[in-house]
Every structure is written in structure tokens, then in C-alpha cells.
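Engineer: with the input below, show me the fold.
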Amino acid sequence: METVMNTANKLTLLRVFLIPVFLIILYWGFPGSNYAAMAVFIIASITDFIDGYVARHYNQVTTLGKFLDPLADKVLVFAAIIWFTSIGMFPAWAAVIVAAREFAVTGLRLIAVGEGRVIAAAKSGKVKTACTMVCLIIMFFAIPDWAVYTCVGIIVVTTLYSGVEYFVKNRDIMKMK
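Structural biologist: Have a look, this model is predicted:
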């Protein structure tokens with residue numbers, strides 16, 4: 001029987017709670033708000049890695065967690081990307097690539113569920129998430145343009161690679177019957 005409010009789910013809910021806190025701090029714009037927002041983003045990002053470990057290691061995988069964890073990850077990352085796009089640090093074309101990959105992979109997973117299959121998170125997807133979160137954290141610092149471009153490049157490349165990998169490994173799902 002599933003325990004609805006296990007440790008992993010509590011960590012995911014903490015991440016969900018931290019997303020509006022992160023945004024409020026950014027938009028409030030007090031002196032040092034970027035660093036305060038970065039600290040909140042770091043804490044939220046760390047909860048992602050901890051709750052995944054706890055859920056797998058202590059067998060605390062729940063239906064709620066399967067739904068809420070990836071949703072919280074996406075909203076946290078999109079919140080930061082939209083912020084960086086709004087201040088001119090993240091190109092809109094790159095934000096569209098990230099969004100398109102997320103929608104496409106989610107759609108693929110929905111089709112798979114309709115076929116009675118579950119597509120688990122691939123290693124490349126986990127690498128993409130880690131690279132994206134680390135790069136977004138780096139972008140909170142006053143870094144030179146070349147470093148921002150490097151971070152955006154890493155996010156785009158890992159996003160595209162993992163998206164293509166999901167579709168290649170699961171191409172049989174897309175075949176028409």
C-alpha cells in the first residue's frame with residue numbers, strides 16, 4: 001500500500017512550495033535578490049536529487065510522486081528559464097527548444113501509457129536535468145557573456161540529445177497500426 005505523504009513526496013511538495021518563493025524573490029527585486037533566488041533555486045534543485053534517491057532507495061515510489069516530481073522539475077526549470085529570457089540572458093529560441101522537448105517527451109509517454117507501456121526516465125534525461133539546473137545556477141552569478149552562451153549551449157545540446165534518445169529508443173510506439 002502506498003504511503004501518500006512519505007519523505008520523498010514531502011520533499012517534492014517542498015520543491016513545489018519553493019517555486020513561487022523563488023519567483024517572488026526574483027520579481028521583488030531587492031538588493032541581492034538574485035543571490036537569494038539562487039539560494040532558493042539551489043535548495044529546490046537539491047530536493048529533486050534527494051527525493052529521487054529516497055524514493056528509489058527506500059521504495060517510496062508513489063503514484064503522487066510519479067506525477068508531481070517531474071511536474072515540479074519542469075515548473076522550477078521553466079520558471080528560471082522564463083526569468084532569464086525576460087532579462088535577456090536566455091534566448092527565446094533556446095527556451096522554445098526546452099519547452100518543445102518537454103511537451104514531446106510527455107506526449108510520447110502518454111502514447112506509451114495508452115499502449116500499456118511506461119517509459120522510465122532515461123540516463124540522458126537525468127543528465128539533462130542535472131546540467132540544466134547547474135547551468136541555471138551558474139547563470140545567477142555575474143558571469144561573462146561567453147559563459148552564459150556556454151551554459152545555454154549545454155542546456156540546448158543535452159535537451160536535444162535526451163529528447164532524440166527518448167524517441168529513438170521508443171520509436172516502435174510511434175508506428176501506426
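Engineer: just the strands from the protein, written as ranges.
Structural biologist: Read by DSSP state E, the chain holds no strands at all.
Engineer: remind me which residues of it are low pLDDT?
Structural biologist: Scanning the chain for pLDDT under 70 picks out 1-5, 176-177.
Engineer: could you redo the last one with a cut-off of 80?
Structural biologist: Within the chain, the stretches with pLDDT under 80 are 1-5, 60-66, 120-121, 142, 174-177.
Engineer: the helices in it, which residues?
Structural biologist: Assigned by DSSP state H, the chain shows helices spanning 7-28, 33-57, 63-86, 92-114, 123-139, 145-169.
Engineer: look up phi and psi at residue 91.
Structural biologist: phi -60, psi 140 (degrees, to the nearest 10).
Engineer: format the helices of the chain as CSV; extra columns: mean neighbour count and distance to residue 175.
Structural biologist: Where you see a C-beta, it was placed from the backbone N, CA and C, and this is true even at glycine. Below are those laid out as CSV (neighbours: other CB atoms under 10 Å; distance: least, CB to CB, whole Å):
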stretch, mean neighbour count, distance to residue 175
helix 7-28, 18, 34
helix 33-57, 18, 31
helix 63-86, 18, 25
helix 92-114, 15, 11
helix 123-139, 18, 22
helix 145-169, 16, 12
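Engineer: state the distance from the nearest residue to residue 140 once chain neighbours are set aside to residue 88.
Structural biologist: Nearest residue to residue 140 in three dimensions, chain neighbours excluded: residue 38, at 3.7 Å (CB to CB, 6 or more residues apart in numbering). Using CB to CB, to the nearest Å, one obtains 18 Å as the distance from residue 38 to residue 88.
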